[in-house]
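In: when you get a sec, could you give me coordinates for this:
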Amino acid sequence: MKIETKRVIYVKKHMYNYAPAILSLMGFLLWLISFLTDRYYKCGNVLPWIPYVMLQTVVAAVSGTIIKNLYWQVQTDMLTGLHSRRFFYMKLSELKKTLPVSLLFIDIDDFKSINDTYGHTAGDEILSQFACILKNNMRKNDIIARWGGEEFAVILPRTDASEALKIANRIRKLVEQKEFCLGEVACKLTISVGIAWAEKGKDVNSDRLFKKADEALYKAKEKKNFIVVHEGNED
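Out: All right, here's what the predicted structure looks like:
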């Protein structure tokens with residue numbers, strides 16, 4: 001996937017955020033040009049233009065709001081409320097500004113058995129509850145995303161491997177101790193975590209960082225309820 005530059009991401013984000021105001025302003029400018037042209041050539045009076053500008057403003061504001069909402073829906077996982085995989089990729093362009101940086105890949109152990117035993121609705125509830133644990137126990141600038149299925153990914157800016165391990169182990173213990181409620185039924189879960197990291201002064205290759213985190217997660221899943229830090233940092 002092509003990684004966009006930080007400038008492009010910044011422009012897009014603010015363009016979509018302010019889409020209602022931008023479209024309303026453009027509509028107003030169009031009306032103003034038409035009105036001034038009409039006044040210059042003395043084609044009529046101002047009254048016929050009032051309903052037009054009101055309608056134009058309403059249509060522009062509604063259209064802008066729809067565009068803004070659609071943009072954020074693309075960036076958000078609808079089930080968990082976390083960032084989407086697409087948004088996560090977009091944030092990779094900022095990694096060089098936050099070194100050292102660590103990447104966590106998290107997988108819920110034996111998740112298939114939960115779906116098989118309790119059903120997919122219960123599985124969705126488990127994912128939502130687990131997402132809440134991540135949101136409530138990560139730092140403000142950490143970037144959390146649902147990677148797909150029962151896998152999650154977290155970018156930890158300005159965090160080396162030792163600190164990332166502490167954070168991951170705290171999350172692992174919280175999950176291990178929690179009873180996940182599925183209506184009248186409660187169940188226990190564990191997670192496996194793979195960690196990769198890049199230190200300050202090194203070039204960050206996003207694909208290699210992902211590959212190392214994925215390899216570490218694969219090893220952790222062999223033991224379950226376990227954390228593996230990839231040997232060596234990103235170079």
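
In: now the helices for the chain?
Out: Using DSSP state H, the helices of the chain run over residues 6-17, 19-41, 49-75, 85-91, 111-118, 120-137, 161-177, 206-223.

In: flag every buried residue along the shortest one.
Out: Residues of helix 85-91 classed as buried: 85, 87-91 (neighbour count, 16 or more other CB atoms under 10 Å). C-beta here means a position set from N, CA and C on the backbone, and glycine is covered the same way.

In: equivalent analysis for the last one, please.
Out: Neighbour counts over helix 206-223 (16+ other CB under 10 Å) mark 206, 209-210, 212-217, 220-221 as buried.

In: TSV please, covering those residues and showing distance to Ile108.
Out: Shown next, in TSV, are these (distance: CB to CB, whole Å):
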residue	distance to Ile108
Ser206	24
Leu209	22
Phe210	19
Lys212	21
Ala213	16
Asp214	16
Glu215	19
Ala216	16
Leu217	12
Ala220	12
Lys221	10
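
In: could you dump these into TSV with pLDDT added?
Out: Putting the buried residues of helix 206-223 into TSV (pLDDT from 0 to 100) gives the following:
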residue	pLDDT
Ser206	83
Leu209	89
Phe210	89
Lys212	94
Ala213	95
Asp214	95
Glu215	96
Ala216	97
Leu217	97
Ala220	97
Lys221	96
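
In: tell me which of those residues is nearest to Cys181?
Out: Lys221 (25.2 Å; CB to CB).

In: the closest one contacts Ser192, correct?
Out: Yes: counting by CB atoms under 8 Å, Ser192 is a contact partner of Lys221 at 4.5 Å.

In: what do these two both touch?
Out: 107, 109 (CB atoms under 8 Å, 6 or more residues apart in numbering).

In: low-scoring pLDDT stretches of the chain, where are they?
Out: 1-28, 30-74, 93, 96, 201-203, 232-235 (pLDDT under 70).

In: quick one, domains of it?
Out: 6-75, 85-229 (automatic domain parsing).

In: among the buried residues of helix 85-91, which two are most distant?
Out: Every pair of the buried residues of helix 85-91 checked by CB to CB; the farthest is Arg85 and Lys91, at 10.9 Å.

In: turn the buried residues of helix 85-91 into JSON lines, columns for distance to Cys181.
Out: Output for the buried residues of helix 85-91, formatted as JSON lines (distance: CB to CB, whole Å):
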{"residue": "Arg85", "distance to Cys181": "27"}
{"residue": "Phe87", "distance to Cys181": "29"}
{"residue": "Phe88", "distance to Cys181": "28"}
{"residue": "Tyr89", "distance to Cys181": "33"}
{"residue": "Met90", "distance to Cys181": "34"}
{"residue": "Lys91", "distance to Cys181": "32"}
